[in-house]
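# I would like to see how this sequence folds:
(one chain, ligands or ions: 4)
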Amino acid sequence: MSQGKPMILELLASSVKTSAKAGQIIKDIMRQGDLGIVEKGSEPNDLQTEADRSAQRCIIASLTKKFPNVTIIGEEGHSHRIDDVVQDWIVSEVDQSVLALDCPPQYKEVNPQDVVVWVDPLDGTSEYTQGLLDHVTVLIGIAVQGRAVAGVIHQPYYGYKTAPDTLGRTIWGLVGSGIGGIQAQTPPKGELILTTTRSHNTALVVEALEALKPSKIVRVGGAGHKALLVIEGLCHAYVFASNGCKKWDTCGPEAVLEAAGGVFTDLHGNHYSYGKDVAYPDAQGIFATAKGVDHAELLKKIPQALKDAFPY
Ligand SMILES: Nc1ncnc2c1ncn2[C@@H]1O[C@H](COP(=O)(O)O)[C@@H](OP(=O)(O)O)[C@H]1O
Ligand SMILES: [Mg+2]
Ligand SMILES: [Mg+2]
Ligand SMILES: [Mg+2]
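Numbering: from 1, shown residues only. Ligands and ions are numbered 1, 2, ... in the order given. Next up is the predicted model:
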């Protein structure tokens, strides 16, 4: 570890480099062509591929090796073995621009026991299997005392349609410090562009969107991808009236969006808790707004009866 740097900066700087390695693994597996798809549960479109499994092993092994006292929870199971992971997948590099940040005072002395890292090794698995590759992201969220405070959204296929050899892009955020990798933008005034799921639609999801009377709805895959659309000001809000997302889907996106000046809550306007003992589902839905959007005003347009359906 770098001498004297706050642990949260070390963890974020390692997560940035590790997410990019996970992105390379995801692309290698797609190139090799054998995705090894498994249906995870009874829900439709809940798939796991060799890319989800391998990317998770890379991330968990890399972070466990460097931060053995931090709790790490990944979407694809609980193995934290390092000894059987390909050496090349264990990332030791750190992002220097993150290490050079002026750490917000409240995170300078963080106890590792209070930190939980939430890992979604491949967000947008349905879209990955369908060839909608720019919907795919790698998500790493860092929570301190239950709050999402830092995160990484790596988009391995960003720009691949015009540049097939793209290395993608990596966006990181630290609440109180800002974001890197892109500039946060305010969405256009006089419109209301919403983003939501394309593969996990339900009647309640539609009802919540219609209540907001949007000028446009952008249906794309991945919680990370949708958060990026909001951070970049291409959409005003990410609205998902469903309990389908889990803590690994939202911890990273919440931290990055909030570091970018947006607000990321459930349908009641409350922040999720990301401590190690919480239930995994985001049972109160998602309501996330861009920088410059009045989150509380927009949330008032969702009927109370619909909000009362959550959690279900
Ligand atoms: N009903 C549901 N069941 C299982 N996973 C769901 C879900 N609704 C959303 N998700 C998960 O939440 C993430 C974003 O969903 P969506 O693309 O539909 O907006 C995806 O993560 P993963 O691809 O990492 O599993 C997706 O699988
Ligand atoms: Mg999944
Ligand atoms: Mg996900
Ligand atoms: Mg996933």
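
# use CA for all of it now, contacts and neighbours both
Fine.

# get me the contact residues on the protein for ligand 1.
When proximity is defined as C-alpha under 6 Å from any ligand atom, the chain approaches ligand 1 at 43, 46, 120, 122-125, 196-200, 221-223, 244-245, 249.

# looking at these, which are in strands?
Counting by DSSP state E, the part of the residues of the chain next to ligand 1 found in strands is 120, 122-123, 196.

# just send those residues back as CSV, with distance to Gly159 and pLDDT too.
Converted to CSV, these look like this (distance: C-alpha to C-alpha, whole Å; pLDDT from 0 to 100):
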residue, distance to Gly159, pLDDT
Asp120, 21, 98
Leu122, 18, 98
Asp123, 17, 98
Thr196, 21, 98
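
# which regions of this protein sit below the pLDDT cut-off?
Across the chain, the ranges flagged by pLDDT under 70 are 1-3.

# what residues does it put near ligand 4?
120, 122-123 (C-alpha under 5 Å from the ion).

# just send the residues you listed back as CSV, with neighbour count and distance to Ser79 too.
Output for the residues of the chain next to ligand 4, formatted as CSV (neighbours: other C-alpha atoms under 10 Å; distance: C-alpha to C-alpha, whole Å):
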residue, neighbour count, distance to Ser79
Asp120, 30, 14
Leu122, 30, 17
Asp123, 26, 19
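
# and ligand 3, which of those residues reach it?
Answer for the residues of the chain next to ligand 4 near ligand 3 (C-alpha under 5 Å from the ion): Asp123.

# how about the secondary structure of Gly131?
coil (DSSP: H, G, I helix; E, B strand; the rest coil).

# give me the number of residues near it?
Close neighbours of Gly131, defined as other C-alpha atoms under 10 Å, add up to 12.

# do Asp277 as well
Using other C-alpha under 10 Å, Asp277 has 9 other residues around it.

# likewise Gln32?
Using other C-alpha under 10 Å, Gln32 has 8 other residues around it.
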